[in-house]
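Asks: Okay, sequence plus prediction incoming.
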Amino acid sequence: MKKLRVCGANDTFGALNLILDVLEGNCAGFISAPEVNGVLPEVFLPEEVADDVGLIVESSGSTGSPKQIELSVAALRHSATASLARLGGPGQWLLALTPQFIAGVNVLTRSVLSDSQPVIMNTQVPFTTEAFVRGASLMEGERRYTSLVPAQLQRIAAEVDSDAFLFSTLRKFDAILVGGQAADFALVESLRAKGINIILSYGMAETCGGCVYDGVALDGVAIKIVDGLIEISGPVVANGLGGSYLSNDLGEMVDGKLKVLGRADRVIVSGGLKVSLERVEEAALAIAGVEEVAACAVESEWGQSVGIVYSGSPEVSFEQLTEAISPAAKARKVLRVEALPRLSSGKPDLVACSKLLAD
């Protein structure tokens, strides 16, 4: 057995030191939600854990309650070393995500294994492009990396054409990983066309985070489609899963690359037709005036129908969704908000969005 140490997410230097001790086998760790008035939030955890546990992480809980997941030191190391190998080698990282969740943990782990001090943004305040640029300007590494969620990338992209310094800053990154949820592919392609190296990652807490880059699995990781669902196996898989994890994500292999089709639990049946809520979000983001969007199921005479919570222009019409997808994708309820409710991980809080539509 080994001792379990807990650190608050707002103590990022403490979290970095915790990861260092975890990787050296000195203890196991858990990075909790931030301290409040110097007190860690109450979390039900044992004082000691099995020797094969390196880190306990929580899933983001975007569609429900978060889960606690045990990751071994070997899994964390393999994930980080395989990532660095795919990206081109060790480098300096900019931490723009809270270390409470696996994407932030990975930035710290890769930094330790790169023997490089990360530049740490204040992840306890809302993300801004100005803060991102300020943090990036402090980087001195020969190779430079960061990891973002799509909402952060979208905020940066909105200013890239009007801010030459921001543009040059982005070009200096050897890679910008984007994951955690589906990204706006058209936006990603437009940034890539400008010479900004965006890499779309796919994975979850159960697989030590992103383990598929631009559709190709990292070394040692295998992908299989089982009854339409994505199964990941290999040394990055969490403890207790037998070396493989069957996700709740729909996918297919196209020309040897994984194409993620969306979550199986985010498909509704409206009037007898299946509609992917993630496909609705993708199409809605292409409509002029839409800045952020979350599609949710709402009850209707058709069984379930599409409800939309969005931020942007009040003049937006979502009628073209019926043409882009199908008549079943017609939005039966639309709610405009100043900003989407979000989890501390940066993902949209879909449970909160559903409640807004139900009110």
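Replies: That came in fine, so what should we check first? Residues are numbered from 1 along each chain as shown.

Asks: Domains in this protein, by residue range?
Replies: 72-262, 271-358 (automatic domain parsing).

Asks: closest to Val39 out of the ones you listed?
Replies: Set against Val39 and scored by CB to CB, the domains of the chain come closest in domain 72-262, at 15.2 Å. C-betas here are computed from N, CA, C, even on glycine.

Asks: Distance from that closest one to the middle of the chain?
Replies: Taking CA atoms, centre = their mean, to the nearest Å, one finds the center of domain 72-262 at 8 Å from the center of the full chain.

Asks: try stretch 254-265
Replies: Here the centre of stretch 254-265 is set off from its chain's centre by 16 Å, with CA atoms, centre = their mean.

Asks: among the domains of the chain, which gets the worst mean confidence?
Replies: Ranked by mean pLDDT, those bottom out at domain 271-358, which scores a mean of 88.

Asks: circling back: now the domains of the chain in JSON lines, with distance to Met1?
Replies: Conversion of these to JSON lines gives the following (distance: least, CB to CB, whole Å):
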{"stretch": "domain 72-262", "distance to Met1": "14"}
{"stretch": "domain 271-358", "distance to Met1": "30"}
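
Asks: what about the closest residue to Leu250 other than its chain neighbours, distance to Gly234?
Replies: In this structure, Leu250 finds its nearest non-sequential neighbour in Leu261, 4.0 Å apart by CB to CB, 6 or more residues apart in numbering. Leu261 sits 22 Å away from Gly234, going by CB to CB, to the nearest Å.

Asks: higher neighbour count, the two?
Replies: More crowded of Leu261 and Gly234, by other CB atoms under 10 Å: Gly234, with 22 against 18.

Asks: List the residues that contact the more buried one.
Replies: Counting by CB atoms under 8 Å, 6 or more residues apart in numbering, Gly234 touches His78, Cys211, Ala217, Gly220, Val221, Ala222, Gly243.

Asks: And for the residue nearest to it when sequence neighbours are not counted, the neighbour number?
Replies: Leaving aside its chain neighbours, Gly234 sits nearest to Val221 (4.1 Å; criterion: CB to CB, 6+ apart). If you count neighbours by other CB under 10 Å, Val221 ends up with 21.

Asks: I'd assumed Ile230 was in contact with Val221.
Replies: No. With contacts counted by CB atoms under 8 Å, Val221 stays clear of Ile230, the gap being 11.7 Å.

Asks: and the residue nearest to Gly234, backbone torsions?
Replies: Taking degrees, to the nearest 10, you get phi -100, psi 140 for the backbone angles of Val221.

Asks: Relative to Ile19, how far out is it?
Replies: For Val221 relative to Ile19 (CB to CB), the value is 21 Å.

Asks: again, but for Val316
Replies: Taking CB to CB as the measure, Val316 falls 43 Å from Ile19.

Asks: out of the two, which sits in the busier spot?
Replies: With neighbours defined as other CB under 10 Å, Val316 and Ile19 compare such that Ile19 has more, 27 against 18.

Asks: Shouldn't Thr109 be within a helix?
Replies: Yes. Membership of Thr109 in a helix is supported by DSSP: H, G, I helix; E, B strand; the rest coil.

Asks: for the closest residue to it other than its chain neighbours, helix, strand, or coil?
Replies: Excluding its sequence neighbours, the residue lying closest to Thr109 (CB to CB, 6+ apart) is Ala80, at 4.5 Å. On the three-state scheme (three-state DSSP), Ala80 is labelled helix.
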